[in-house]
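Participant: coords please:
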Amino acid sequence: MASVRSISLLLLLPLTILLLLAHTAVCKEYFFKKDRQCNVKVERLQPKVQNPGGPCSTVHTVRCGQQISLDSIRVVASEKLGFEVVDVLDWESRGPLDETITIMEDTKMWVTDAPVKRAQFSDMHDDL
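Facilitator: Predicted coordinates:
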């Protein structure tokens, strides 16, 4: 004789499968929708050489998955922030980015108004 617990589990199984399929369909529509918009947060890296009292960050909205060039980011960020953007840097490493990047949800990047000093071989090793 089947226990009440095993019968209730058998009754919940079709409902669980139905909810899982519905959730998957909603997620698929959200993540793969062709006209979905993503925000690109552009924040200014210190020190502020040009326009020191100007804005520190801006948000630019583009289509998710779009390939965008660093030149177009420089132009838009320069217009919105009120200074000429020199470098566009990765959010986490603060290192240089490729010339084109793919925009995903909540993309973040740093911009500078002066060239960033890059470490050179002579800076990393002492000459004895």
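Participant: Going by C-alpha atoms from here, please, whenever you check contacts or count neighbours.
Facilitator: Noted.
Participant: the strands in this protein, which residues?
Facilitator: 37-44, 57-63, 67-69, 87-90, 100-102, 107-112 (DSSP state E).
Participant: In TSV, list those along with mean neighbour count, mean pLDDT and distance to Leu81.
Facilitator: TSV is the format used below for those (neighbours: other Cα atoms under 10 Å; pLDDT from 0 to 100; distance: least, Cα to Cα, whole Å):
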stretch	mean neighbour count	mean pLDDT	distance to Leu81
strand 37-44	20	88	9
strand 57-63	15	87	7
strand 67-69	14	89	18
strand 87-90	21	88	13
strand 100-102	13	87	21
strand 107-112	21	90	10
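Participant: CSV for those strands, including distance to Ser78?
Facilitator: Putting these into CSV (distance: least, Cα to Cα, whole Å) gives the following:
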stretch, distance to Ser78
strand 37-44, 10
strand 57-63, 10
strand 67-69, 14
strand 87-90, 11
strand 100-102, 18
strand 107-112, 9
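Participant: Of all those, which one is nearest Leu11?
Facilitator: strand 37-44 (40.4 Å; Cα to Cα).
Participant: So which elements touch that closest one?
Facilitator: In terms of contacts (3 or more Cα pairs under 8 Å, 6 or more residues apart in numbering; DSSP states H and E), strand 37-44 is packed against strand 57-63, strand 107-112.
Participant: Between strand 57-63 and the shortest one, find me the angle.
Facilitator: In this structure, strand 107-112 runs at an angle of 130 degrees to strand 57-63, with axes from the mean of the first three to the mean of the last three Cα atoms, to 10 degrees as the basis.
Participant: Let me see the residues that make contact with strand 107-112.
Facilitator: Residues outside strand 107-112 that contact it (Cα atoms under 8 Å, 6 or more residues apart in numbering): 38-46, 48, 85-91, 94.
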